[in-house]
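Undergrad: I need the structure of the sequence given here:
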Amino acid sequence: MNILILAVGSRGDVQPFVALGVGLQQAGYSVTVAAPALFESFVRGYGLNFAPLNDGFLKLKDTSAGKAALEKGRGSGLSLIKQVMPLLRELIADAWTAAQGTDAVIYHPKSLIGAHLGEALNVPVIMSLPLPLSTPTRAFPLPIMPDWKLGGAFNRLTYRLMPLMTAMYGGVVNDWRKSVGLPARSRFASELTKPDGSPMPTLYAFSPLVVPPPSDWNAVTHATGYWHLPPERDWQPPADLTDFLDAGTPPVYIGFGSMVSADPAAKARLIVDAVTQAGLRAVLATGWGALDAADLPDSVYVLQEAPHEWLFPRMAAVVHHGGAGTTAAGLTAGKPSIICPFIADQPFWGRRVEQLGVGPAPIPQRKLTAARLADALKVAVSDAGMRERAAALGEKLRAEDGVTNAVSLVKRYAGEPVRTPQP
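TA: This next block holds a predicted model:
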């Protein structure tokens, strides 16, 4: 049985789907991961088939307009819409090409046509994402919105905004639907239902210990546990990194992943000032954010990248942007987390970390100062209760097997890996 996984976004978005692909392949499925073209070697390195998707979105973040949008936060990305539309058409065309010959589709909603592929190809489809974005609940508002604490009815109402937010893409999707012989759908159609009106099976790749499944979720919506990749067998840490780690007390990790900064040099200076004020050692990950780390003190080590599952357990605390994948890695390592969110769901994860008592209050990027970060760092490394709660949660998360749980659900909704021969 051939399964197509449509994974759209940055490394943090793609990596959990690669983990799921590995689990599905081990269960006997043939798996193709369709992801931005720059991840081909990463996907193939785990023995999975690969289909390229347009990666213009990722490149757009590195433009001056993209950097400004990320720094300013909500609503500022509207100026990029004219550049986005042609990229969407290319993304849809690539996804349609990748879907030929597949028997089932697992898709992230950012792929735009994931749900529609089931209709076009008459195959099962399963929606999946690493945050509870698509299922209405009274328990909390839409995760990309502030938590104004206006009650359960208001919380559930906020989920009606999702079709409104995606309506601008409806024309592009309908153009494709017409091209493959499907009727146009309303721009406000929900991802939550199939064309026949039945609910869309949904796998959320996070732990129920971090976001407990609300009682008002439907029966085909599941929080499976985190999807962790097997360790990279060939990866070895640089000798100077191990020397740095062995030379003193455990440092703190600071990195903002794929979130770029309009002024990386200034951001690096702010971080170094905060670490110095807190009297700590630090591993500064430049990542795609390309933080300018010139002229740093000996107490700061500059790291381009390293597997989080290897690095984070060796830290005293982790500071990051609050992407779902990095949040999962920090919590699973059992370390206090300080989240400095830029956009989208990142503030949601910052609130969850604070509510769980495993990290200080999040510091939005627009409010990030050396003094605020230094104060948060001092709390994260000195609060014994916080450290104990983080360690206890990490131990429980490491005992989960989210991939195995997800594979069993794929079998339920898409069928067993080997088709039964028809008489």
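Undergrad: how about low-confidence regions in the stretch 151-300 of the chain?
TA: Applying pLDDT under 70 to the stretch 151-300 of the chain flags residues 258-260, 287-294.
Undergrad: where do the strands sit along it?
TA: 202-204, 221-223, 252-255, 282-285, 300-303 (DSSP state E, counting those that start in this stretch).
Undergrad: just the stretch 301-423 of the chain next, same as before
TA: Under DSSP E, counting those that start in this stretch, the stretch 301-423 of the chain gives strands at 317-320, 337-339.
Undergrad: before we move on, back to that, just put the strands of the stretch 151-300 of the chain in TSV and tack on mean neighbour count.
TA: Every C-beta, even on glycine, is put in place using the N, C-alpha and C of the backbone. Compiled in TSV, the strands of the stretch 151-300 of the chain are given as follows (neighbours: other C-beta atoms under 10 Å):
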stretch	mean neighbour count
strand 202-204	24
strand 221-223	21
strand 252-255	26
strand 282-285	24
strand 300-303	20
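Undergrad: quick revisit: adding distance to Val180 and mean pLDDT, write the strands of the stretch 301-423 of the chain out as JSON lines.
TA: Output for the strands of the stretch 301-423 of the chain, formatted as JSON lines (distance: least, C-beta to C-beta, whole Å; pLDDT from 0 to 100):
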{"stretch": "strand 317-320", "distance to Val180": "40", "mean pLDDT": "97"}
{"stretch": "strand 337-339", "distance to Val180": "41", "mean pLDDT": "98"}
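Undergrad: what number of residues lie near Arg233?
TA: 6 (other C-beta atoms under 10 Å).
Undergrad: same check on the one 3 residues further on?
TA: Here the count is done by other C-beta under 10 Å, and Gln236 has 9 residues near it.
Undergrad: then Pro183?
TA: Around Pro183 there are 9 residues (other C-beta under 10 Å).
Undergrad: quick one: residues contacting the nearest residue to it once chain neighbours are set aside.
TA: Take Pro183 and drop its neighbours on the chain: the residue closest to it by C-beta to C-beta, 6 or more residues apart in numbering is Arg177, 7.0 Å away. Neighbour list for Arg177: His116, Ala120, Pro183, Ala184, Arg185 [criterion: C-beta atoms under 8 Å, 6 or more residues apart in numbering].
Undergrad: how far away is Arg177 from Thr158?
TA: 28 Å (C-beta to C-beta, to the nearest Å).
Undergrad: count of residues packed around Leu4?
TA: The tally of other residues near Leu4 (other C-beta under 10 Å) stands at 27.
Undergrad: what about it, which SS state?
TA: strand (DSSP: H, G, I helix; E, B strand; the rest coil).
Undergrad: nearest to Pro199 among the strands of the stretch 301-423 of the chain would be which one?
TA: strand 337-339 (31.8 Å; C-beta to C-beta).
Undergrad: so how far is that closest one off the chain centroid?
TA: In terms of C-alpha atoms, centre = their mean, to the nearest Å, the centre of strand 337-339 is found 16 Å from the chain centre.
Undergrad: that one: partners in the sheet, and parallel or antiparallel?
TA: Using DSSP bridges, strand 337-339 pairs in its sheet with strand 317-320 (parallel).
Undergrad: ok, residues contacting the strand it pairs with?
TA: 252-257, 312, 326-327, 329-330, 333, 335-340, 359, 373, 376-377, 380-381.
Undergrad: could you rerun that using 6 Å?
TA: 252-255, 312, 326, 330, 335-338, 380-381 (C-beta atoms under 6 Å, 6 or more residues apart in numbering).
Undergrad: list the buried ones in the longest strand anywhere in the chain?
TA: Criterion DSSP state E: the longest strand present in the chain is strand 30-36. For strand 30-36, a neighbour-count test (16 or more other C-beta atoms under 10 Å) marks Val31, Thr32, Val33, Ala34, Ala35, Pro36 as buried.
Undergrad: which residues in the stretch 251-400 of the chain form helices?
TA: Ranges of helices in the stretch 251-400 of the chain, per DSSP state H, counting those that start in this stretch, are 264-278, 308-311, 324-333, 346-355, 370-382, 384-399.
Undergrad: how far away from the center of its chain is the second one?
TA: This points to helix 308-311. Computed by C-alpha atoms, centre = their mean, the chain-centroid distance of helix 308-311 equals 17 Å.
Undergrad: from here on, count from 36
TA: Yep, numbering from 36; the last one is helix 343-346 now.
Undergrad: what sits up against that helix?
TA: By C-beta under 6 Å, 6+ apart, helix 343-346 touches Ala364.
Undergrad: now do 7 Å
TA: Residues from elsewhere that reach helix 343-346 (C-beta atoms under 7 Å, 6 or more residues apart in numbering): His263, Pro266, Pro272, Tyr288, Thr361, Ala364.
Undergrad: check which residues of it are buried.
TA: So, applying 16+ other C-beta under 10 Å, buried residues of helix 343-346: His343, Glu344, Leu346.
Undergrad: on that earlier part again, mind checking what helix or strand follows the longest strand of the chain in sequence?
TA: helix 75-79 (DSSP states H and E).
Undergrad: how far off centre is that next one?
TA: With C-alpha atoms, centre = their mean, you get 18 Å for helix 75-79.
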